[in-house]
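> give me the fold of what follows.
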Amino acid sequence: MERKTISVTGMSCNGCEQNVETALRNLDGVSRVEADHEADTVDVVLEDGVADDDVNAAIEQAGYDVKA
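Have a look, this model is predicted:
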């Protein structure tokens, strides 16, 4: 398992947090997700082998931007 904190812009409320969390939970290999719109972060726990590109794409498809 690997834990990552991802910087995400565009979240402005609890609903935004839920959108990001739902998008990431739909990915295989994601075991825990916690978004924080006030800190502009998403903490995620992933199984080994989950690609960063897949995580970033899920966040972006939900309508938010991943900061590099």
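> only C-alpha atoms for contact and neighbour calcs from this point on.
Will do.
> elements contacting the longest helix belonging to the chain?
The longest helix of the chain (DSSP state H) is helix 14-25. Where contact means 3 or more Cα pairs under 8 Å, 6 or more residues apart in numbering; DSSP states H and E, helix 14-25 is packed against strand 30-36, helix 52-61.
> can you pull the buried residues of the first one?
This points to strand 30-36. Buried positions in strand 30-36, judged by neighbour count with 16 or more other Cα atoms under 10 Å: V30, V33, E34, A35, D36.
> nearest to I6 among those residues?
A35 (9.2 Å; Cα to Cα).
> what's across from the closest residue to that closest one other than its chain neighbours in the sheet?
Spatial nearest neighbour of A35, excluding adjacent residues (Cα to Cα, 6 or more residues apart in numbering): V42 at 4.2 Å. For V42, the beta-bridge partners under DSSP bridges are I6, A35.
> make 56 the starting number, not 1.
Will do, 56 is the new start, and the previous item becomes V97.
> if I read this right, V97 contacts A78, doesn't it?
No - contact criterion Cα atoms under 8 Å: V97 and A78 do not qualify, at 11.7 Å.
> more neighbours, these two?
A direct count of neighbours by other Cα atoms under 10 Å for V97 and A78 places V97 higher, at 21 against 17.
> and the more buried one, what is it in contact with?
T60, I61, S62, V63, V88, E89, A90, D91 (Cα atoms under 8 Å, 6 or more residues apart in numbering).
> in the longest helix of the chain, what's buried?
In helix 69-80, counting by 16+ other Cα under 10 Å, buried: C71, E72, Q73, N74, V75, E76, A78, L79, R80.
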